[in-house]
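Peer 1: The sequence and its predicted three-dimensional model are supplied below.
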There are 2 protein chains.
Amino acid sequence: MVNIKRLDSRAADFDARLKALLAFESAQDEGIEATVAAILADVKARGDVAVVDYTNRFDRLAVAGMAALELPQAELRAALDGLPAERRAALETAAARIRTFHEKQKADGWTYTEADGTVLGQMVTPLDRVGLYVPGGKAAYPSSVLMNAIPAKVAGVKELIMVVPTPGGEKNALVLAAAALAGVDRVFTIGGAQAVAALAFGTASVPQVDKIVGPGNAYVACAKRRVFGIVGIDMVAGPSEILVIADGSTDPDWVAMDLFSQAEHDELAQSILISPDAAYLDKVAASIEKLLPTMPRAEVIRTALENRGALIAVADMDDACAIANRVAPEHLELSLVDADPWVAKLHHAGAIFIGPYTSESLGDYCAGPNHVLPTSGSARFSSPLGVYDFQKRTSLIKVSRAGAQTLGRIASTLAGGEGLPAHAKSAEYRLD
Amino acid sequence: MVNIKRLDSRAADFDARLKALLAFESAQDEGIEATVAAILADVKARGDVAVVDYTNRFDRLAVAGMAALELPQAELRAALDGLPAERRAALETAAARIRTFHEKQKADGWTYTEADGTVLGQMVTPLDRVGLYVPGGKAAYPSSVLMNAIPAKVAGVKELIMVVPTPGGEKNALVLAAAALAGVDRVFTIGGAQAVAALAFGTASVPQVDKIVGPGNAYVACAKRRVFGIVGIDMVAGPSEILVIADGSTDPDWVAMDLFSQAEHDELAQSILISPDAAYLDKVAASIEKLLPTMPRAEVIRTALENRGALIAVADMDDACAIANRVAPEHLELSLVDADPWVAKLHHAGAIFIGPYTSESLGDYCAGPNHVLPTSGSARFSSPLGVYDFQKRTSLIKVSRAGAQTLGRIASTLAGGEGLPAHAKSAEYRLD
């Protein structure tokens, strides 16, 4: 028996129960904070020597210097060439589809000229150099390499530097193959806070980057937060979530498996099903009971479903959409006969998977859109990882002599009101 | 005698001196951290009561409840109506120009359909509710209200809530007038960490927002950093900077005043002039000597110029551009006879002010582009505040039955490689 919570939006205590269900706070661990602060300071001061020390200690290696911690391009290429044909083809198709989708995100600059000859506009340029963190060990996902690296390359980032720890010297061939496919420029086999520090501050061997992206454990997340401002960072991700809205028309086994596909990530992952059809919720619950024993990661799935999952009965589809907007889920699946009309009512989600054939897993790997999505309700204010995260804008202002006459008087007046006389004077100098 | 540093890019110690000139680290103050953490926790727990307590204490007020800390729209409108005609006209023209520029930044969604009927795309939606922090007292800038509020409203933000402390009960009529012009929806006269907490967590009176923008003191900056993740925040700004590249053709008084206009902000502001014409640097230095005694804020300007300013001689314009790219300044002024050809060589700057008539102050107030710009070299990886900061994207994925056949096989293969069997199964269910 899987004890997944059952909620009803018409119950008096629904708001409180939904709030409790969604509550998740990433506790700051003072021990991690102190350890990371020390590593950052040490790498900043001692550079390569410190990085090598930490890498030998934490990854159980015995290298003499940083040279031994950089992989040549030939090794990435060899990993790609060594893949079984089917896996290589799958990776190549996924990469091509991700590239096609992200090329449509590329922004261009623009200018316009006013009647007096003043030109205003916006220049768009890529970041020069980006660091991509890839976890080692069991959470090493080649799909994640593609999803982070391809948008950066599409944006025009000149140098993309990947760091990936190799605990005990173990390399992940699929990850290296994905790096080759995505066009990663350099790979260092370092990880943890020491890798984040090397990328943020630069060392003799590791060039300083402008932004660091990619997932990592609590130490990596803490290090990224601490170097934010010196370099840019992507979002610090919380546990993964799926919210499925179903009208009862989809095979309940499909929906149960979609809930499992989120829950199998880890015990904190969140899987929620909403339906106006209460009988359908029972059917999916039965499918969960039936299918769970067949899953290799059954215990992880059970823990996630029982602690953070829910089946929610609602009055109607409008009610379902309103709840989805409150949750602002990372993944929102619409398993509906006629899903299209509902999309416009959904304002907050990382990605919307429309119709019964669009399982979240298709989007995770190969549909094209990014699988790095805002979690923990942050879809209320943030976006999927995209090309826009690797481009930046510069305002362009070219005021003509005629324009300086009108704008100068306005600026002078407003600067006077703000008590900034040099601002006023600087504008007044340009008056004829 | 103003002791502004003189550097030469051809000197052996130039790199080290430039690095020292640019070095700025915002020290974390443990006392501020602890105070802010306590205020955040208290407001989260006690809501309005805590906000009223802190406001009465820190702003020397004696109000009974939050109702006394909200300003009615009529009061904003009255502030606007009470402005002298010239100032009102200046503010209105500035607002209209800012609106026109930012309307060009508004992004639209898009979709495309593949041969097998699969639809992919990106939906763009505004944030629902945004909080705008406006400092009280001497640094209360109406221009800053326009620059933060107008992009949010152009993006389509439904509710824009301004907080502005009124120490000793003193209100700033220009700030309230700007709020009326910009379409701010609600104004609470609260400030400090307690205002940030109220916006981030929500209270009975202050609605929870999705993002908090706007400048503030060290307590406000610390509070924004701490609530980041629960809500979005804009950049935490460092001291303001200007870098002028001059070829010697502009009246040196103009350039001296442009350097002053940055330096008058505060003692940490940074003003740098670069020229291939060494004799011109001497002329600007002479203008600085001559003009400084005429400035009301002469001592602030002197301190900033002596501690953080520099006049840099370079070999040629290419050299000047290379240094500008290393600095990645907030404001970059090109005081050149023929500035246009150099713009494409400049990759990193918040805003570029092109030609001798484009004083930075015109951009600060009324040219149209935003004056909230990346500082401390963060133009390497971030952008001016814009409409894009108040919009977010949602990926749209609608896989057809035919599409699920090809994509499902790829997803299944890759999920197998990553050891995620429920992901694989969920894709396989969709195979015919």
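Peer 2: On my side now, so go ahead.
Peer 1: Grab the most central residue of chain A for me.
Peer 2: residue A:372 (3.2 Å; CA atoms, centre = their mean).
Peer 1: and the closest residue to that residue other than its chain neighbours, how far is that from residue A:238?
Peer 2: Among residues not flanking residue A:372 along the chain, residue A:385 sits closest, at 3.7 Å (CB to CB, 6 or more residues apart in numbering or on different chains). For the C-beta atoms, the positions are set from N, CA and C on the backbone; glycine is no exception. Distance of residue A:385 to residue A:238, computed by CB to CB, to the nearest Å: 15 Å.
Peer 1: neighbour-wise, which of those two wins?
Peer 2: With neighbours defined as other CB atoms under 10 Å in any protein chain shown, residue A:385 and residue A:238 compare such that residue A:385 has more, 24 against 19.
Peer 1: pretty sure that one is in a helix, no?
Peer 2: No: read with DSSP: H, G, I helix; E, B strand; the rest coil, residue A:385 is coil and lies in no helix.
Peer 1: And it, how far from residue A:147?
Peer 2: From residue A:385 across to residue A:147, the span is 7 Å (CB to CB).
Peer 1: shared neighbours, these two?
Peer 2: A:370, A:372 (CB atoms under 8 Å, 6 or more residues apart in numbering or on different chains).
Peer 1: Can the helix or strand bottoming out on mean pLDDT in chain A be said to contact chain B?
Peer 2: Here the helix or strand of chain A ranked lowest by mean pLDDT, DSSP states H and E is helix A:218-227, holding a mean of 92. No: for helix A:218-227, no contact with chain B is found by CB under 8 Å from any CB of the partner chain; the gap never falls below 8.7 Å.
Peer 1: If you count neighbours, what's buried in that helix?
Peer 2: Across helix A:218-227, burial judged by 16 or more other CB atoms under 10 Å in any protein chain shown covers A:219, A:220, A:221, A:222, A:223, A:224, A:225, A:226, A:227.
Peer 1: The following helix or strand past that helix: how far from the chain's middle?
Peer 2: Next in sequence after helix A:218-227, counting helices and strands by DSSP states H and E, comes strand A:232-233. On the basis of CA atoms, centre = their mean, to the nearest Å, strand A:232-233 is displaced by 12 Å from the centre of the chain it belongs to.
Peer 1: Same check on stretch A:174-182?
Peer 2: When C-alpha coordinates are averaged (CA atoms, centre = their mean), stretch A:174-182 and its chain have centres 19 Å apart.
Peer 1: for residue A:432, helix, strand, or coil?
Peer 2: Criterion first, three-state DSSP; result for residue A:432: coil.
Peer 1: List the contacts of the spatially closest residue to it that is not a sequence neighbour.
Peer 2: Excluding the flanking residues, the one nearest residue A:432 by CB to CB, 6+ apart is residue A:405, at 6.4 Å. Contact partners of residue A:405, counting by CB under 8 Å, 6+ apart, are A:430, A:431, A:432.
Peer 1: One more: residue A:399?
Peer 2: Per CB under 8 Å, 6+ apart, neighbours of residue A:399: A:118, A:407, A:430, B:353, B:355, B:357, B:358, B:359, B:362, B:367.
Peer 1: What is the nearest of those residues to residue B:340?
Peer 2: Checking these against residue B:340 with CB to CB, the nearest one is residue B:355 at 8.2 Å.
Peer 1: Counting neighbours, what do you get for the residue lying closest to the closest one once chain neighbours are set aside?
Peer 2: Leaving out its chain neighbours, the residue that sits closest to residue B:355 by CB to CB, 6+ apart is residue B:339, at 4.9 Å. Neighbourhood size, residue B:339 [other CB under 10 Å]: 19.
Peer 1: Got phi/psi on residue B:339?
Peer 2: Backbone torsions for residue B:339, taken as degrees, to the nearest 10, come to phi -80, psi -30.
Peer 1: Pretty sure it sits against residue B:353.
Peer 2: No: judged on CB atoms under 8 Å, residue B:339 makes no contact with residue B:353 at a distance of 9.2 Å.
Peer 1: Quick check: neighbours shared by these two?
Peer 2: Contacts common to residue B:339 and residue B:353, judged by CB under 8 Å, 6+ apart, are residue A:398.
Peer 1: hmm, back to that, what's near enough to touch the residue nearest to the centre of chain A?
Peer 2: With CB under 8 Å, 6+ apart, residue A:372 has these contacts: A:144, A:147, A:148, A:213, A:215, A:234, A:237, A:384, A:385.
Peer 1: for residue A:162, same thing?
Peer 2: Residues in contact with residue A:162, defined by CB under 8 Å, 6+ apart, are A:131, A:132, A:133, A:134, A:145, A:149, A:179, A:184, A:186, A:187, A:188.
Peer 1: For the fifth one, grab the count of nearby residues.
Peer 2: Counted with other CB under 10 Å, residues neighbouring residue A:145 total 28.
Peer 1: between the buried residues of helix A:218-227, which is nearest chain B?
Peer 2: Comparing the buried residues of helix A:218-227 against chain B with CB to the nearest CB places residue A:225 closest, at 8.7 Å.
Peer 1: Quickly find the element holding the closest residue to chain B within the stretch 1-150 of chain A.
Peer 2: Taking CB to the nearest CB as the measure, the stretch 1-150 of chain A has residue A:90 as its residue closest to chain B, at 4.1 Å. Assigned by DSSP H and E, residue A:90 belongs to helix A:85-103.
Peer 1: The residue nearest to the centre of chain A should be in a helix, yeah?
Peer 2: No: going by three-state DSSP, the assignment for residue A:372 is coil, not a helix.
Peer 1: Distance check, it against residue B:395.
Peer 2: Distance, residue A:372 to residue B:395, by CB to CB: 10 Å.
Peer 1: Same check on residue A:388?
Peer 2: Taken as CB to CB, the span from residue A:388 to residue B:395 is 13 Å.
Peer 1: The two - which one has more neighbours?
Peer 2: Set side by side, residue A:388 and residue B:395 show more neighbours around residue B:395, with 25 against 21, by other CB under 10 Å.
Peer 1: Hmm, that one is touching residue A:370, no?
Peer 2: Yes: between residue B:395 and residue A:370 a contact is recorded at 6.8 Å, counting by CB under 8 Å.
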